[in-house]
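>>> sequence plus the predicted model coming up.
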Amino acid sequence: MQELTVKLWRVPGKERLYVNLSGARGEAVAWLDCRTGAVEIKVERLRTAALAKVEEWVAASGRPIPARTVTAASPAPAPIRLQQDPPPRPTAVAPASIPALPPFTTEDDLAGNLPGTGVQGMIREEMDQRKWLVRVAAKLARDPLTSQKLVTGLRGEEIVGSHLNGLRGHGWHVLHGVPLPSGADIDHVVIGPPGVFTVNTKHHPDSSVWVGDKRVLVNRVSYPYLANAEFEAARVTQLLERWCGHPVPVRAIVAVVGARKITVQGSPIVEVLDGERIASLLASRPASLEPHRVDSVFTVARRRSVWAQIGKRG
């Protein structure tokens with residue numbers, strides 16, 4: 001039987017799980033509407049296998065998907081050909097275009113980045129804007145000369161990063177401070193048997209955090225964490241699939257550190273986890289990527305030059 005893969009697709013107001021044949025340009029076999037439970041079978045001969053893949057994903061995700069209603073796609077009407085029409089000529093299918101990876105160099109390797117690398121760069125920029133005498137006086141007075149927001153953010157990334165680093169050596173790869181062309185960065189990118197995750201760390205010491213379907217409240221103040229994380233994961237999915245040549249579903253996670261209380265209600269569009277427990281929570285998930293796929297994604301993702309292409313058309 002042909003191997004089937006699953007891929008989650010999201011746009012505002014819609015969320016579907018696609019079941020495809022394996023390969024860079026695998027044919028769509030079926031899809032699940034995650035909000036209604038509707039399943040459409042596009043390849044009837046693979047109905048049983050596709051439904052099994054859907055149920056396997058639903059069970060692994062732990063999400064409250066409505067009861068499934070299965071329909072078959074309506075076949076397209078056959079075109080009417082006149083008797084004198086010549087038979088159609090066979091057309092060659094162009095192979096998927098996978099960019100060639102640039103030569104691997106030490107400067108290009110992100111695997112050595114420490115947690116908080118991006119924030120540390122912002123702190124250095126702030127320091128460089130200060131006059132030399134001011135920096136010397138601040139050092140003697142033990143004044144960090146940087147905003148408390150950056151200091152708090154750095155500490156949060158260091159906490160989450162230290163927990164994620166514990167996954168290394170067990171079939172997992174972890175990247176920190178992945179730079180983007182905009183000047184921002186992705187706090188952590190985690191690649192392992194359960195899949196690929198972008199982790200956005202939020203440090204809110206002694207705060208009350210409430211998570212709804214589409215928003216996060218910290219001490220009753222709303223933050224766009226979920227929408228930003230979802231958009232980030234969607235872009236990373238496109239980037240990695242382009243350079244890997246096979247489906248690479250990426251899931252977004254918001255890791256909250258230091259909160260006194262985290263309350264999750266409804267079905268948030270992005271997972272919100274306790275940053276202190278994130279490593280054990282990820283490690284407990286079922287495998288969905290074969291070891292060779294994990295390694296191939298890491299080979300691509302560790303390169304700075306690849307991330308410089310995010311958001312750009314092929």
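In hand now; what should we look at?
>>> hey, let's count contacts and neighbours off CA atoms from now on
Fine.
>>> so where's the stretch 201-314 of the chain shaky on pLDDT?
The stretch 201-314 of the chain contains residues with pLDDT under 70 at 313-314.
>>> can you give me the strands for the stretch 51-200 of the chain?
Taking DSSP state E, counting those that start in this stretch as the test, the strands found in the stretch 51-200 of the chain are 69-72, 173-179, 185-192, 195-203.
>>> next one: the stretch 201-314 of the chain
Going by DSSP E, counting those that start in this stretch, the stretch 201-314 of the chain shows strands at 208-211, 216-218, 221-223, 250-257, 261-264, 271-274.
>>> quick one: closest of the ones you listed to Ile191.
For the strands of the stretch 201-314 of the chain, the distance to Ile191 is smallest for strand 250-257, at 9.3 Å, taking C-alpha to C-alpha.
>>> who does that closest one pair up with?
When pairing is defined by DSSP bridges, strand 250-257 lines up against strand 195-203 (parallel), strand 271-274 (parallel).
>>> which of those sits closest to Cys244?
Among the strands paired with strand 250-257, strand 195-203 comes nearest to Cys244, with 12.9 Å by C-alpha to C-alpha.
>>> on that earlier part again, between the strands of the stretch 51-200 of the chain, which has the poorest mean confidence score?
For the strands of the stretch 51-200 of the chain, mean pLDDT drops lowest on strand 69-72, to a mean of 82.
>>> quick one: buried residues of that one?
Residues of strand 69-72 classed as buried under the neighbour-count rule (16 or more other C-alpha atoms under 10 Å) are Val70.
>>> contacts for that strand, please.
With contact meaning C-alpha atoms under 8 Å, 6 or more residues apart in numbering, strand 69-72 is reached by Gly37, Ala38, Val39, Glu40, Ile41, Lys42, Glu44.
>>> and which of these is nearest Thr198?
Nearest to Thr198 among these, with distances taken as C-alpha to C-alpha, is Gly37, at 26.2 Å.
>>> right, and the closest one touches Ile65 too?
Yes. Between Gly37 and Ile65 there is a contact under C-alpha atoms under 8 Å: 6.0 Å.
>>> shared neighbours, those two?
Joint contacts of Gly37 and Ile65 (C-alpha under 8 Å, 6+ apart) do not exist.
>>> out of the strands of the stretch 201-314 of the chain, nearest to Leu110?
Among those, if distance is taken as C-alpha to C-alpha, the winner is strand 250-257, at 18.6 Å.
>>> quick check: Val174 touching Arg168?
Yes. The pair Val174 / Arg168 is scored as a contact, 6.9 Å apart, by C-alpha under 8 Å.
>>> which one's more surrounded, those two?
The neighbour count for Val174 versus Arg168, taken as other C-alpha atoms under 10 Å, is higher for Val174 (25 against 13).
>>> do you know how far the more buried one is from Ser267?
27 Å (C-alpha to C-alpha, to the nearest Å).
>>> got it, and Arg215?
11 Å.
>>> with just CA atoms, put stretch 286-293 into PDB.
Output in PDB follows, covering the C-alpha atoms of stretch 286-293 (Å, rounded to 0.1, in the frame of the first residue of the first chain):
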ATOM      1  CA  PRO A 286       3.700  10.000  19.600                       C
ATOM      2  CA  ALA A 287       6.100   9.900  16.800                       C
ATOM      3  CA  SER A 288       5.100  11.100  13.400                       C
ATOM      4  CA  LEU A 289       8.400  11.800  11.700                       C
ATOM      5  CA  GLU A 290      10.800   9.000  10.700                       C
ATOM      6  CA  PRO A 291      14.400   9.400  12.000                       C
ATOM      7  CA  HIS A 292      15.700  10.100   8.500                       C
ATOM      8  CA  ARG A 293      13.100  12.900   8.100                       C
END
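>>> run through who's touching it.
Counting by C-alpha under 8 Å, 6+ apart, residues outside stretch 286-293 touching it are Ala60, Gly171, Gly192, Pro193, Pro194, Gly195.
>>> can you say which of those are buried?
Gly192, Pro193, Pro194, Gly195.
>>> what sits against the spatially most central residue of the chain?
Nearest to the mean C-alpha position of the chain, by C-alpha atoms, centre = their mean, lies Val250 at 3.1 Å. Val250 makes contact with Gly195, Val196, Phe197, Thr198, Ala233, Ala234, Val236, Thr237 under the criterion C-alpha under 8 Å, 6+ apart.
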